[in-house]
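In: Dropping the sequence and predicted coords here.
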Amino acid sequence: MPRMNMLQAINDALDIAMAANDRVLCFGEDVGGFGGVFRATSHLQEKYGKDRCFNTPLVEQGIIGFANGLAAQGSVPVAEIQFADYIFPAFDQIVNESAKFRYRSGNLFDVGRLTIRAPYGGGIAGGLYHSQSPEAYFAHTPGLKVVVPRNPHQAKGLLLGAIHDPNPTLFFEPKRLYRASVGEVPEGDYRLPLGEAEVLREGDDITLLGWGAQMEVIAQAADLAEKEGISCEIIDLRTILPWDQATVIDSVLKTGRLLVTHEAPLTGGFAGEIAATIQAHCFLYLESPIARVTGLDTPFPLALEKEYFPDHLKIFEAVKTSVEF
Amino acid sequence: MPRMNMLQAINDALDIAMAANDRVLCFGEDVGGFGGVFRATSHLQEKYGKDRCFNTPLVEQGIIGFANGLAAQGSVPVAEIQFADYIFPAFDQIVNESAKFRYRSGNLFDVGRLTIRAPYGGGIAGGLYHSQSPEAYFAHTPGLKVVVPRNPHQAKGLLLGAIHDPNPTLFFEPKRLYRASVGEVPEGDYRLPLGEAEVLREGDDITLLGWGAQMEVIAQAADLAEKEGISCEIIDLRTILPWDQATVIDSVLKTGRLLVTHEAPLTGGFAGEIAATIQAHCFLYLESPIARVTGLDTPFPLALEKEYFPDHLKIFEAVKTSVEF
Amino acid sequence: MTTTRPEIVHTPTFTDGAEFRIPTFKLLQENGSLYKDAAAPDLDSDTALRIYRTMVYVRVLDERMLAAQRQGRLSFYMQCTGEEGAIVGSTAALSADDMIMAQYREQGALAYRGFTTDEFMNQLFGNDQDYGKGRQMPVHYGSAKLNYMTISSPLATQIPQATGYAYGQKLAGKGHCTLVFFGEGAASEGDFHAALNMATVHRVPVIFLCRNNGYAISTPSVEQFAADGVAPRAFGYKMDVIRVDGNDTLAVHQATRAARRLAVEDNRPVLVEAMTYRLAAHSSSDDPSSYRSKDEESGWRGKDPILRMRLWLEAQELWRDEDEKELQESLRRDVLETMKRAQKRPPPPLESLVTDVYDEVPPALAGQLEALKAHIRKYPEAYPKSSGQAGGEQ
Amino acid sequence: MTTTRPEIVHTPTFTDGAEFRIPTFKLLQENGSLYKDAAAPDLDSDTALRIYRTMVYVRVLDERMLAAQRQGRLSFYMQCTGEEGAIVGSTAALSADDMIMAQYREQGALAYRGFTTDEFMNQLFGNDQDYGKGRQMPVHYGSAKLNYMTISSPLATQIPQATGYAYGQKLAGKGHCTLVFFGEGAASEGDFHAALNMATVHRVPVIFLCRNNGYAISTPSVEQFAADGVAPRAFGYKMDVIRVDGNDTLAVHQATRAARRLAVEDNRPVLVEAMTYRLAAHSSSDDPSSYRSKDEESGWRGKDPILRMRLWLEAQELWRDEDEKELQESLRRDVLETMKRAQKRPPPPLESLVTDVYDEVPPALAGQLEALKAHIRKYPEAYPKSSGQAGGEQ
Ligand SMILES: Cc1ncc(C[n+]2csc(CCOP(=O)(O)OP(=O)(O)O)c2C)c(N)n1
Ligand SMILES: Cc1ncc(C[n+]2csc(CCOP(=O)(O)OP(=O)(O)O)c2C)c(N)n1
Ligand SMILES: [Mg+2]
Ligand SMILES: [Mg+2]
């Protein structure tokens, strides 16, 4: 199997989708000849022409409005938002339109073919406007799917899954891993299922749950814990909405403890939803409070980014607290 | 004390604020001569002139962008969004701008004088675009305050509190109570504190927590429960962000049970945040899982609105389940 | 200023464009005769009559349904009274395969394409036959088979969607286009700017049809924009624009046909500004008496597009008083009877609460439905609609 | 088309406005002499020199700081090379009390108002003296005392904010206005449309200054809009507009002065489109070689606004080679020394993570800070910056 970084894996997924179906289109700011500011769409314009891979004017609400229309028409748009921090001008088109298109029309029309890609997350000295993790804003919106991959293999398979899923899907890419995460990626078309979490490591004492770039951090924390004799079960949620409750519940029924981590601020973050659901389902099995290790309730900082970050040490400490409760 | 409905109380608060400080301005779609589609700004243009109370063009992102600029300049804008369902085109101006203005400038500039009013919620046969309760979308945004009043007295005092609070504040008004909720309202200026929940009824067996129009529903459910010998403590959260954890924790430490209700969909709703926080703080005191009684994970319906609704019977059933756990 | 304007100037020279007046295209005078230097419209009599009948149909529908709202049969209604010419005249210029994306006041477009009274009524009453499954407020129609996108309340969102839809049509290469309707108020939204800019940049076969009816609820257009209407905005995008008398059905029709040619043959998007007037209230919830004068209203009532069209048809000997009488009567009967039928139908089934959120109901949501069913079984009287009773009195 | 255009036409007539060409205002030729029919600009020699020195200052600052970024001292940098004339020339036309809301590439405006090299460096290094407390990326400057709003990365958000700010200034009645800078790319955002429309409707003293520098990152303006620049959009709002050669500092200055008069004396908002070119990369993260030619770049290098201004000053005998040499040397020294000083300073204190989110730190957030402090005490080596070590090597 070839080794690729996450950007190459994403580019490969787009290439495969465009080659297989000429209704697949990729567009967004600087997406055309330039191939996107991170180069995720490199060479696609050369291969598939300017009609199918192109720059748009600088207007996110327009990009998604246009994409909604295209999807309703039967095309398969893959729209890029340059940074997840800049998705908010399109919030109305996503939350009021994409999410409700099928429902409001009684299934006469839908935009299920729509995929929106956006790099998210901190760790690249981006400050408050190049670091946000906005998944929770969208996870409160029935009708959307929200997916976050953790490595190149997952990125390719989940992106192909998202493009082919018959529901509008937000695909948030952990930009800190774009080049940093390298691994084996199968050739050709393969699709990983949406809505299914994955147990990455089995363990007995506590379940550690996260998504995207936090999976690496969780693994480091679990290694530290392992050295102290704490056995961690690790789950990658992968799809934030609708999320795989069964896999998480099964795990917590076994371990009796749960820690959820994300980079976004604590309050209103998706860890809260998970904790609320799990405490309801596993009440009698929980041996300690469900822990959340997240960003602070502040915008994302710059100079003190490292301090802000929900890193492996903070997770490790929370694991110990949970186990020692 | 005069009796007023909620609209009159809101109008009174705006009138008092405008009379006291000529930098207070009210504007929005149809807010001027017409007094707003619900008439919350009636007569303000007559009294204070077209410069201070006016119609804007039909563009929510512009209304809030304009309001942010005004607030930074030192004016005291009270912007109306005609329905909370139509606040999303302004999401970027609120979440990326209003919320982060002070932080990003190191307190050189702020938009703390900004208040945004919007009617929210279901129960008026509004279907999916005149019924939404979007508080949770904003509650994930450090820097904002989010306030929801339950009756005319609260509406006036909290709105005056919001207008004078030195932070950008979203004020969601339960439109189903606009005319339905009538009560005594003190004359003149008074300000209720932001960030403080209020215990409305003391009880021993379970804490029922909500905000806005759900407080009436909670009271009905508590009455039903009372008849079955269940003693409910009722708390109005009033400020959703930042929320008064201490009052809720104290109550749950006493009752050992918590139910939270809101109209918005379950997943990602603010009840999840509350449940996650309370299970962490009150773990050893909880006698049953924290219950959430909310809207379904769907857009807001029309014909089957009554079925969708988190009504007193659903709350009552959840109370019984909790107590019998 | 003219094309002789210099390319370079050496003193600061400002212009606000007011000098570039955009003329209004008109064919019919108010008395129903053509302006003397106007060419006869290229319109066969069948189409002319179909346009006219449709205009009368929606007028009757609107009157009846507003009355029904007043009687408490319906929760809400919106009339297009006064704007029938702009709506039906333009629709008739399209191919049936062209997509229409409307704002909410364009029932005439749907009626022209053959939406039946039953179909209207099922949506208005949100009954079990409503394509929209009773989820949206009255007047939020849609029809896949008639290429009429389901209405969405958030304003202007359909405008960039139309640009995208039309881009897809262009790639499909079948010669179809999209016509998108919107009000002069909605044109203030950011989505409008995005849509028009993207349309010229990407050369998209879309017709932007602005119904400038003078008001956005209570807000008169002078408080909506300072310019002379919406038309001059086209200059900012290098888009072809035409302004037309929106109450002159023939002119609207001809303008839209010409616009369609530019769009379909040349991938040139076009802005059409139809100058008209909202004769009725904004909606059944509105009372315009507090924000505009009776005089203003009656001035516009004299410009009624239906009357003007009828006078023209009569002059062409295509229409007679008897035809009018018969049409009116049969339409009234049809609307009334169909309404009664639709109102008696039950609401959509309880399951419709959770379907169509996704292509399939996710497990957790299915669980929510099960819990709801169990709850309703416990309290059948509290939820009459879903427990099988008729839903007429919503 | 002219004012003699008829008000009514009887055949469908389309126009895309291309005929309404907007001229470019110029004073200085590339050789630094005035066009022969251009009036001498009304500019005292102190102001002229201050403008020129500022332009040279930011050129030096930009070169040095890009090099510092390349050396790994800074995470990020953005140059305004090639656009100094548009930025400084316009700023000099304002009163010091006028508000400036910039996009990010307008360090020249801040420098003209007296932002010191220390102040620049503290922000660039996000040290404990940075007004912004190390929270934003480099070049996100702000100064309350210089009436320069802190930069915000989300594009175009400052444009409607400027309209609101200026509305407040109008009510305050002190004769101040707001100038808002933005790129031709940012002008595609919905916020632009909202801002300009509201400005004419509400008669607001604001100057919208578009730096049309040909690119938005890699996207050339022909893929940004189909029209002849941004200027024709003004017609859509009935806003006064002027297009000016952005590399002709004197013309920009004069145009902005005239615009300011319209804004302040008459509450007429104005759009100024300054035609210029981004000579450098978009930012230190960008490499333009893949999307534009060296030829194109060098063509524009010949139009350098600094050179043109210098030639003019020399012809006025206000500037000599020795002055230039001395200025360049002293600026280089100043920038280099100040940079070294700023880089050595510590980062902002840990508390700055939680302050300024609200006016006061809410209880739960204070608790989060306490927990973080306790955690860092446990792992002091893992968090070197906040544990008191110098933050130089970020
Ligand atoms: C985004 C959004 N904001 C506000 C509203 C509320 N609203 C519904 S119709 C309307 C006025 C629309 O006016 P116009 O576009 O001129 O259309 P007309 O009603 O005149 O046909 C308003 C403000 C809405 N539906 N969506
Ligand atoms: C809302 C938003 N979308 C995207 C970006 C990413 N971005 C930063 S600068 C830029 C290009 C801006 O071009 P222009 O406005 O022409 O200004 P210039 O850089 O040419 O001065 C883009 C796309 C952003 N900062 N904000
Ligand atoms: Mg209108
Ligand atoms: Mg540019």
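Out: Sure, I can see it. Numbers count the residues shown, from 1 in each chain, chains lettered A, B, ... in the order given. Ligands and ions are numbered 1, 2, ... in the order given.

In: Residue of the stretch 201-350 of chain C nearest chain B, please.
Out: With Cβ to the nearest Cβ, the shortest gap between the stretch 201-350 of chain C and chain B falls at C:Ser218, namely 3.7 Å. (C-beta placed from N, C-alpha, C; glycine too.)

In: any idea whether the closest residue to that residue other than its chain neighbours is helix, strand or coil?
Out: Excluding the flanking residues, the one nearest C:Ser218 by Cβ to Cβ, 6 or more residues apart in numbering or on different chains is B:Phe34, at 3.7 Å. Per DSSP: H, G, I helix; E, B strand; the rest coil, the local secondary structure of B:Phe34 is coil.

In: Against D:Asn197, how distant is B:Phe34?
Out: Separation of B:Phe34 from D:Asn197 (Cβ to Cβ, to the nearest Å) stands at 20 Å.

In: Neighbour count: the two, which is higher?
Out: Taking B:Phe34 and D:Asn197 together and counting by other Cβ atoms under 10 Å in any protein chain shown, D:Asn197 has the greater number of neighbours (30 against 20).

In: In this structure the more buried one contacts B:Val59, no?
Out: Yes: if you go by Cβ atoms under 8 Å, D:Asn197 and B:Val59 touch, sitting 7.1 Å apart.

In: looking at it, A:Asp165 is touching A:Gly112, isn't it?
Out: Yes: counting by Cβ under 8 Å, A:Gly112 is a contact partner of A:Asp165 at 7.2 Å.

In: Let me see the ranges of the helices in chain C.
Out: Taking DSSP state H as the criterion, chain C carries its helices at C:45-70, C:84-91, C:107-113, C:117-125, C:158-172, C:190-201, C:233-237, C:249-266, C:294-301, C:305-315, C:321-344, C:363-378.

In: Between the ones you listed, which one is closest to D:Met55.
Out: helix C:233-237 (31.2 Å; Cβ to Cβ).

In: still on that earlier bit, shared neighbours of D:Asn197 and B:Val59, which are they?
Out: Counting by Cβ atoms under 8 Å, 6 or more residues apart in numbering or on different chains, the residues touching both D:Asn197 and B:Val59 are C:Ser188.

In: Would you mind measuring from the residue in the stretch 1-150 of chain A positioned nearest to chain B to ligand 3?
Out: At 3.0 Å from chain B, A:His140 is the closest residue in the stretch 1-150 of chain A, using Cβ to the nearest Cβ. Between A:His140 and ligand 3 the computed distance is 33 Å (Cβ to the ion, to the nearest Å).

In: Could you find the closest non-adjacent residue to that residue?
Out: The spatial neighbour of A:His140 that comes closest, neighbours along the chain excluded (Cβ to Cβ, 6+ apart), is B:Gly268 at 3.0 Å.

In: For that neighbour, report the pLDDT, please.
Out: Reading off the per-residue confidence, B:Gly268 sits at a pLDDT of 98.

In: Wait, it touches A:Pro134, no?
Out: No: using Cβ under 8 Å, B:Gly268 is not in contact with A:Pro134; the gap is 11.9 Å.

In: Which segments of the chain make up each domain?
Out: With no chain named, the answer covers chain A. Split into domains by automatic domain parsing, chain A comes to A:3-184, A:198-323.

In: could you do chain C instead?
Out: Looking at automatic domain parsing, the domains of chain C come to C:24-31+C:41-286+C:297-344, C:350-392.

In: The shortest one close to chain B?
Out: Yes: counting by Cβ under 8 Å from any Cβ of the partner chain, contacts between domain C:350-392 and chain B involve C:350, C:352-354, C:357, C:362, C:364-365, C:368-369, C:372, C:375-376, C:378-379, C:382-383, C:385-386, C:391.

In: ok, the residue of the stretch 1-150 of chain A closest to chain B - how many residues close by?
Out: A:His140 is surrounded by 27 other residues when neighbours are defined as other Cβ under 10 Å.

In: what's it sitting at in phi/psi?
Out: In this entry, A:His140 is assigned phi and psi values of phi -90, psi 20 (degrees, to the nearest 10).

In: just checking, it touches B:Pro265?
Out: Yes: proximity of A:His140 to B:Pro265 meets the contact threshold set by Cβ under 8 Å, at 6.6 Å.

In: now A:Gln143: how far from A:Ser98?
Out: Slight slip there: residue A:143 is Gly, not Gln. With the distance defined as Cβ to Cβ, A:Gly143 ends up 7 Å from A:Ser98.

In: before we move on, back to that, now, which of the residues of domain C:350-392 next to chain B lie close to ligand 1?
Out: When these are checked against ligand 1 using Cβ under 6 Å from any ligand atom, none falls in range.

In: Filter these down to the buried ones, ChimeraX style.
Out: Taking 16 or more other Cβ atoms under 10 Å in any protein chain shown as the burial criterion, the selection of buried members of the residues of domain C:350-392 next to chain B in ChimeraX is written as:
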select /C:350,352,353,354,357,362,364,365,368,369,372,375,376,383,385,386,391
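
In: for chain A, which strand is longest?
Out: Assignment by DSSP state E gives strand A:258-265 as the longest strand of chain A.

In: Show me what counts as buried in that strand.
Out: For strand A:258-265, the neighbour count (16+ other Cβ under 10 Å) marks A:258-265 as buried.

In: same question, stretch C:193-205
Out: Burial within stretch C:193-205, assessed by neighbour count using 16+ other Cβ under 10 Å, is assigned to C:193-202, C:204-205.

In: picking up where we left off before, pick out whichever of A:Gly143 and A:Ser98 has more residues nearby.
Out: For A:Gly143 and A:Ser98, the more surrounded residue by other Cβ under 10 Å is A:Ser98, and the numbers stand at 30 against 26.

In: Okay, and the beta partners of residue 24?
Out: Unless you meant another one, I'm taking chain A. Assessed by DSSP bridges, A:Val24 has beta-bridge partners A:Val76.

In: could you do chain C instead?
Out: With DSSP bridges applied, C:Thr24 shows beta-bridge pairing to C:Arg243, D:Ile8.

In: if I look at it, how far off is C:Ile242?
Out: Here the criterion is Cβ to Cβ. By it, C:Thr24 lies 9 Å from C:Ile242.

In: Those two: who's more crowded?
Out: Using other Cβ under 10 Å as the criterion, C:Thr24 and C:Ile242 rank with C:Ile242 on top: 27 against 22.

In: How about the contacts made by that one?
Out: Applying Cβ under 8 Å, 6+ apart, one finds that C:Ile242 lies in contact with C:25, C:231, C:255, C:258-259, C:270-273, D:12-14.

In: which one of those is nearest A:Leu44?
Out: For the contacts of C:Ile242, the residue nearest A:Leu44 by Cβ to Cβ is C:Val270; the value is 31.0 Å.

In: Per-residue pLDDT of the residue lying closest to C:Arg345 once chain neighbours are set aside, please?
Out: Nearest residue to C:Arg345, sequence neighbours excluded (Cβ to Cβ, 6+ apart): C:Asn127, at 3.8 Å. pLDDT for C:Asn127: 96.

In: could you pull out the strands for the stretch 151-300 of chain A?
Out: In the stretch 151-300 of chain A, strands defined by DSSP state E, counting those that start in this stretch lie at A:169-174, A:182-184, A:198-201, A:206-210, A:232-236, A:239-241, A:258-265, A:291-295, listed in chain order.

In: neighbours around the residue of chain C found nearest ligand 2, how many?
Out: Across chain C, no residue is closer to ligand 2 than C:Gly190, which sits at 11.7 Å (Cβ to the nearest ligand atom). For C:Gly190, the tally of surrounding residues (other Cβ under 10 Å) stands at 33.
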